[in-house]
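Asker: mind looking at a prediction? Sequence and model below.
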Amino acid sequence: MTAVVVFSATQVLVGGALIADAAACPTWGAVITGSAIAEPSINEASGLVESGDHPGVLWMIEDSSNPPIVWGINASGETVAKVTLLGAKNVDWEDISIDRLTGTDEIYVPDIGDNKGTRDGVKKPLPVIYRFPEPDVSASGPIATSTVTPDAFPIRYADESGNVLPPRNAESYMVDPLTHDSFIVEKLAHTVAGKKQYFVSRLPATLTPGVVNLAVRISSVVSGTPVAADISADGQWILIKGGSTAQIWPRNGTVEQTLDASPTSPCKAKVGPGESLAWSTEGLWTTPDGPAPRLYLTPPA
């Protein structure tokens, strides 16, 4: 599969970057059931992201209590990398993202799941974002095995005024390739004007290891229960997965401005099952949690 996702959009300059303005919604084909994931130990997939530097490679993680391993796979489901994170613990890893903050791409692993709302730093450890440089890997193999010591950024949530909030539960995380800020979409709904909405919080581009970083609430969105998120590599499309639907926003200004202007996404796509969503050059990849998972692809029409 080599199709490149290209959509027409009027563009304007915002802060030196080309931003989509009044973009036409992407059109998508039917969901394709793809290859089985070959690695037998993967049975709780909870995050998927496309490599920026290594064509055909997808990075993925597993859910809570699994080993602190990030897997690299190709579109055929074959394992091409295994990265063990020294000193990290998989309390409840949810989602995965990638960004080039400096000279090389870095992988972000958010340990942000908190089903019982107890990760207050006393009863249970605070949520934490792990980050490490993307290793060299090829989609054709051989398997690249490595061990890294990631940066670790503990976080707390805060309201719009910076007041610290009680623990929150989230499964959706994305990094903006234009500003390098990262965003967490909460899983617990609140009701506004009769519609379920979900808070979105922002972490700054510059995170400090070993001290508490604040994820400050900036917006809320209308969605099915959010289980994954992503931003396209060019920064033009913001995606949040709820059930079998990807909510898609064409970027208009910052992420905050885009979501504030339209809490309900103007564009949608049917996607495969699971708690993973990755925008890629081939379309929208998903994979379900559970044993013997498969890849699913929603290609451009």
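Answerer: Good, I have the coordinates.
Asker: mean confidence score for stretch 72-87?
Answerer: The average pLDDT within stretch 72-87 is 98.
Asker: quote the end-to-end distance of that stretch.
Answerer: Stretch 72-87 stretches 20 Å from its first residue to its last (CA to CA, to the nearest Å).
Asker: go on, stretch 152-170?
Answerer: 18 Å.
Asker: which stretch of helix or strand covers S219?
Answerer: strand 213-222 (DSSP states H and E).
Asker: V212: what's it in contact with?
Answerer: Residues in contact with V212, defined by CB atoms under 8 Å, 6 or more residues apart in numbering, are 126, 154-156. For glycine as for every other residue, the C-beta is placed from the backbone atoms N, C-alpha and C.
Asker: try 6 Å
Answerer: Taking CB atoms under 6 Å, 6 or more residues apart in numbering, we find V212 in contact with 154, 156.
Asker: got it, and T258?
Answerer: 249, 251-252.
Asker: let's see it at 8 Å
Answerer: T258 neighbours (CB under 8 Å, 6+ apart): 238, 249-252.
Asker: tell me the one of these nearest G272?
Answerer: Relative to G272, the closest of the contacts of T258 is I238; by CB to CB it sits at 19.4 Å.
Asker: you'd agree the closest one is up against I248?
Answerer: Yes - look at I238 against I248 with CB atoms under 8 Å: they come within range, at 7.1 Å.
Asker: if we can go back for a sec, next secondary structure after the strand holding S219?
Answerer: Taking DSSP H and E, what comes next after strand 213-222 is strand 226-231.
Asker: any idea how far that next one is from the chain center?
Answerer: With CA atoms, centre = their mean, to the nearest Å as the basis, strand 226-231 stands 5 Å off its chain's centre.
Asker: pLDDT of it, averaged?
Answerer: pLDDT averaged over strand 226-231 gives 98.
Asker: pairing partners for that strand, with directions?
Answerer: Here strand 226-231 is paired, per DSSP bridges, with strand 237-242 (antiparallel).
Asker: now the angle from the partner strand to strand 213-222?
Answerer: 80 degrees (axes from the mean of the first three to the mean of the last three CA atoms, to 10 degrees).
Asker: in whichever helix or strand comes after strand 237-242, what counts as buried?
Answerer: Using DSSP H and E, the helix or strand that directly follows strand 237-242 along the chain is strand 245-250. Within strand 245-250, the residues that qualify as buried are 246-250, counting by 16 or more other CB atoms under 10 Å.
Asker: where does pLDDT dip in the stretch 101-250 of the chain?
Answerer: Across the stretch 101-250 of the chain, nothing is flagged by pLDDT under 70.
Asker: if we go to 90?
Answerer: 101-104, 123, 191-196 (pLDDT under 90).
Asker: tell me where it has strands.
Answerer: 106-111, 128-133, 144-148, 151-158, 170-175, 182-186, 190-192, 195-203, 213-222, 226-231, 237-242, 245-250 (DSSP state E, counting those that start in this stretch).
Asker: which of those sits closest to A45?
Answerer: Closest among the strands of the stretch 101-250 of the chain, once you apply CB to CB, is strand 226-231, at 10.4 Å.
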